[in-house]
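Student: Here is a sequence together with a model predicted from it:
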Amino acid sequence: MKSRGVPKITVGRRGNVMEYVLQIIVDFNRGMDRIGLIAYGRDVCKLADVVAGIRERLGDSIHIVAWEIDNRKVRGRRESYLYVELEYKPSF
């Protein structure tokens with residue numbers, strides 16, 4: 001997975017979709033222009049919902065600049081993951 005020094009947020013079971021959406025919007029308002037999101041296993045669906053929530057709220061200002069779907073071996077088992085890198089370009 002290529003993150004090139006981009007801050008990464010791991011989407012997991014603890015938070016709900018709106019908490020992640022709010023965290024990403026706050027990070028963009030603090031001056032970040034790119035954020036990487038990653039989710040493993042069953043949380044891949046939640047990551048898709050987070051990206052949809054961000055695009056719904058920020059519209060054309062959000063661009064998916066990179067994404068990767070793959071799997072990794074954890075404790076002898078395969079676990080899938082999804083990585084999405086978002087870029088924020090505000091349109092005033």
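Tutor: Yes, it's here. Numbers count the residues shown, from 1 in each chain.
Student: Which residues does stretch 11-23 contact?
Tutor: Residues from elsewhere that reach stretch 11-23, judged by C-beta atoms under 8 Å, 6 or more residues apart in numbering: 9, 37-40, 42-43, 46-47, 49-50, 53-54, 57. Bear in mind the C-beta positions are built from the backbone N, C-alpha and C, glycine included.
Student: er, stretch 84-92 actually
Tutor: 3, 6, 24, 28, 32-38, 47, 51, 54, 58, 60-67.
Student: count of neighbours near Arg13?
Tutor: Using other C-beta atoms under 10 Å as the criterion, Arg13 is surrounded by 10 other residues.
Student: so how far is Phe28 from it?
Tutor: For Arg13, the distance to Phe28 equals 24 Å [C-beta to C-beta, to the nearest Å].
Student: what does Arg34 give?
Tutor: Using C-beta to C-beta, we find Arg34 at a distance of 9 Å from Phe28.
Student: and the one residue sitting closest to the centre of the chain, what does it touch?
Tutor: Nearest to the centroid of the C-alpha atoms of the chain, with distances taken as C-alpha atoms, centre = their mean, sits Leu37, at 2.5 Å. Contacts for Leu37 were tallied using C-beta under 8 Å, 6+ apart; they are Lys8, Ile9, Val11, Tyr20, Ile24, Leu47, Val50, Val51, Tyr83, Val84, Glu85, Leu86.
Student: want to throw those residues into JSON lines with neighbour count?
Tutor: As requested, the contacts of Leu37 are arranged in JSON lines below (neighbours: other C-beta atoms under 10 Å):
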{"residue": "Lys8", "neighbour count": "13"}
{"residue": "Ile9", "neighbour count": "18"}
{"residue": "Val11", "neighbour count": "24"}
{"residue": "Tyr20", "neighbour count": "23"}
{"residue": "Ile24", "neighbour count": "23"}
{"residue": "Leu47", "neighbour count": "23"}
{"residue": "Val50", "neighbour count": "26"}
{"residue": "Val51", "neighbour count": "22"}
{"residue": "Tyr83", "neighbour count": "19"}
{"residue": "Val84", "neighbour count": "21"}
{"residue": "Glu85", "neighbour count": "21"}
{"residue": "Leu86", "neighbour count": "25"}
